[in-house]
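>>> 3D, please:
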Amino acid sequence: MAPSRFTKIKIAPPIEVFAVMKAFNDCTHEKKVNLSVGAYRTDDAKPWVLPVVRKVEAELAADMSLNHEYLPILGLESFSTAAAKMLLGADHQTIKDGKVTSIQVLSGTGGLRIAAEFLHRILNYDTFYISSPTWGNHRMIFNQAGFTNCVQYRYWNAETRGLDFDGMMEDLKNAPENSVIILHACAHNPTGVDPTEDQWKQIADVIEEKNLFPLFDSAYQGFASGDLDKDAWAVRHFADRGFEMMATQSFSKNFGLYNERIGNLMMIINDTSMIVPTRSQLTLLVRGSYSNPPSHGARIVSSVLNNEALFDEWRGCIKTMSGRIIEMRNGLRERLEKLGTPGNWDHITKQIGMFSFTGLTAAQAKHLADKYYIFLLSSGRINMCGLTTGNIDYVAEAIHDAVTNVK
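Numbers count the residues shown, from 1 in each chain. A predicted model of the protein is given here:
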């Protein structure tokens, strides 16, 4: 028998967040804490199925008219239309003018992949900019879609534990025309640091002046501040200014539909005659990738977004989730300051959303795992949802020890 064709395959490096999750799951210590995975947890450290989601699921299960036939290639139209209205505002002028088109995609990741393939294969763009740091999947998605030139723009200032706005602006000003600029709509992952409204205006000025292409990654609308409109401010500002752009929306966090892979890819195209050709090309890209998207989660989100009573109930859920995160931020900062932990910890409450870039080093993160069974990424990013009223004192004391004794 001939030698195996697979003998030259090398083991790929592990994806850190999943490796840390496995280490947590394998750990048997009674005080173990998981601060790694990007998913909401209740104060009992349990996943939460939103009550409004339970309600709609029951209604769908009782609806004998529904079946499991394929959705159209571009997904459930009532979902994608409502998702775009949620992001832009139902009365936004671009929607009234017919400049907006949307398709259902496989959550944020799938939306970014289809967007990247469209930008590279159809518009022939080859340079993309990501923040330093950014979500760990951005680079891989665009590289695998065919982009060959990845550039990082400065974002995180380690000294101030805030935004390096001057560095960001300088790097964007040096970007070549038609570069794709990936922007986090709100609750920047992993830092939790967002530009101010005035800074967003200046960012828009540079992108317009340099003829760059903005692509917003919106994974946390409503989940960040509890206010859908506030969390969409940056996207709406760009739309107000007449930018052509793309935005990917994930409903994993704000609906708790993680494994349903429900997302939307929204595009603003100023020449409305180009919408039909654009959708035809998107159809081919989706057909050659996953053929068509799943229906269950899309029907849930569509039902909620298109029903006023359910929509109001859902907004109450996201206020509950965002409120718990804010409470944990305040609690962690208060405890670290009370302990006299070296350094300034006000960035914990200045940051927003699920994640905090704590400033902890890789060595300190390892110390927390080895000594206290507290699992987080080596970058120092923690998921605030992993904190509870039952473990926050323990975590604060462990961080105090790590910062004090591990250089």
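>>> Contacts only, for T81.
Contacts of T81 were listed using Cβ atoms under 8 Å, 6 or more residues apart in numbering, and they are S102. Yep, even glycine has a C-beta here, placed from its N, CA and C like the rest.
>>> What helix or strand is it located in?
Per DSSP states H and E: T81 is located in helix 77-88.
>>> which helices and strands does the helix or strand that that helix is followed by pack with?
Sequence order places helix 93-96 as the next helix or strand after helix 77-88, per DSSP H and E. Judged by 3 or more Cβ pairs under 8 Å, 6 or more residues apart in numbering; DSSP states H and E, helix 93-96 is in contact with helix 77-88.
>>> next one: the helix it packs on to chain centre, how far?
Counting by Cα atoms, centre = their mean, to the nearest Å, helix 77-88 is centred 18 Å from the centre of its parent chain.
>>> Which parts of the stretch 251-400 of the chain are strands?
Under the criterion DSSP state E, counting those that start in this stretch, strands of the stretch 251-400 of the chain are mapped to 262-268, 355-357, 374-375, 381-383.
>>> residues touching the residue most central in space within the chain, list them.
Closest to where the C-alpha atoms of the chain average out (Cα atoms, centre = their mean) is A219, at 3.3 Å. Residues counted as contacts of A219 (Cβ under 8 Å, 6+ apart) are G108, H184, A185, A187, N189, T248, Q249, S250, S252, K253.
>>> Which of the residues you listed fall in strands?
Those of the contacts of A219 mapping onto strands are H184, T248, Q249, S250, per DSSP state E.
>>> Just give the nearest non-adjacent residue to the first one, would you?
If the residues on either side of it in the chain are set aside, H184 comes closest to D217, at 5.6 Å by Cβ to Cβ, 6 or more residues apart in numbering.
>>> you'd agree the one you found is up against I181?
No - at 11.0 Å, D217 and I181 do not qualify as touching, with contact defined as Cβ atoms under 8 Å.
>>> higher neighbour count, these two?
Neighbour totals were compared for D217 and I181, and D217 leads with 27 against 24 (other Cβ atoms under 10 Å).
>>> If the more buried one is in a bridge, with which residues?
H184, T248 (DSSP bridges).
>>> Counting by contacts, list what the one helix or strand I114 maps to packs against.
In this structure, I114 is located in helix 107-117 according to DSSP H and E. Helices and strands touching helix 107-117, by 3+ Cβ pairs under 8 Å, 6+ apart, are strand 100-106, helix 138-144, strand 213-218, strand 245-250, strand 262-268, helix 275-287.
>>> Check which helices and strands the last one is in contact with.
This means helix 275-287. If contacts are counted by 3+ Cβ pairs under 8 Å, 6+ apart, helix 275-287 sits against strand 100-106, helix 107-117.
>>> Taking helix 275-287 as reference, get the angle to the last one.
If you take axes from the mean of the first three to the mean of the last three Cα atoms, to 10 degrees, helix 107-117 sits at 110 degrees to helix 275-287.
>>> same thing with the first one?
Here strand 100-106 runs at an angle of 10 degrees relative to helix 275-287 (the same axes, to 10 degrees).
>>> Check the model's average confidence along strand 100-106 for me.
What strand 100-106 shows for mean pLDDT is 98.
>>> In a markdown table, list the helices and strands packed on helix 107-117 along with distance to I326.
Compiled in a markdown table, the helices and strands packed on helix 107-117 are given as follows (distance: least, Cβ to Cβ, whole Å):
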| stretch | distance to I326 |
| --- | --- |
| strand 100-106 | 30 |
| helix 138-144 | 26 |
| strand 213-218 | 20 |
| strand 245-250 | 21 |
| strand 262-268 | 25 |
| helix 275-287 | 38 |
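>>> which one of these is the most hemmed in?
Highest mean neighbour count among those (mean count of other Cβ atoms under 10 Å): strand 262-268, with a mean of 28.
>>> which helices and strands sit right next to that strand?
helix 77-88, strand 100-106, helix 107-117, strand 245-250, helix 252-255, helix 296-305.
>>> rerun that using 7 Å as the cut-off
helix 77-88, strand 100-106, helix 107-117, strand 245-250, helix 296-305 (3 or more Cβ pairs under 7 Å, 6 or more residues apart in numbering; DSSP states H and E).
>>> Dump the ones you listed into TSV; add distance to A362 as well.
What follows is the helices and strands packed on strand 262-268, written out as TSV (distance: least, Cβ to Cβ, whole Å):
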stretch	distance to A362
helix 77-88	36
strand 100-106	32
helix 107-117	26
strand 245-250	28
helix 296-305	36
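>>> How is this protein divided into domains?
With domains defined by automatic domain parsing, the chain comprises 16-49+315-402, 70-306.
>>> and A2, which of the ones you listed is closest to it?
Across the domains of the chain, A2 has its closest neighbour in domain 70-306 (30.1 Å, Cβ to Cβ).
>>> Determine how far the last residue of that closest one lies from the first.
Using Cα to Cα, to the nearest Å, the end-to-end distance of domain 70-306 comes out at 22 Å.
>>> do stretch 130-143 as well
Terminal residues of stretch 130-143 are spaced 12 Å apart (Cα to Cα).
>>> What of stretch 168-177?
End-to-end for stretch 168-177, by Cα to Cα: 16 Å.
>>> I'd like to know how far F243 sits from H237.
Distance, F243 to H237, by Cβ to Cβ, to the nearest Å: 9 Å.
>>> Who has more neighbours out of those two?
Between F243 and H237, counted using other Cβ under 10 Å, the more crowded position is F243 (18 against 15).
>>> wait, doesn't the more buried one sit right on P214?
Yes - in this structure F243 lies within contact range of P214 using Cβ atoms under 7 Å: 6.0 Å.
>>> Output the contacts of A219 as a markdown table; include the columns distance to S273.
A markdown table is the format used below for the contacts of A219 (distance: Cβ to Cβ, whole Å):
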| residue | distance to S273 |
| --- | --- |
| G108 | 29 |
| H184 | 32 |
| A185 | 28 |
| A187 | 36 |
| N189 | 36 |
| T248 | 24 |
| Q249 | 25 |
| S250 | 30 |
| S252 | 34 |
| K253 | 36 |
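>>> Stretch 330-339: which residues count as buried?
Neighbour counts over stretch 330-339 (16 or more other Cβ atoms under 10 Å) mark G331, L332, R333, R335, L336, L339 as buried.
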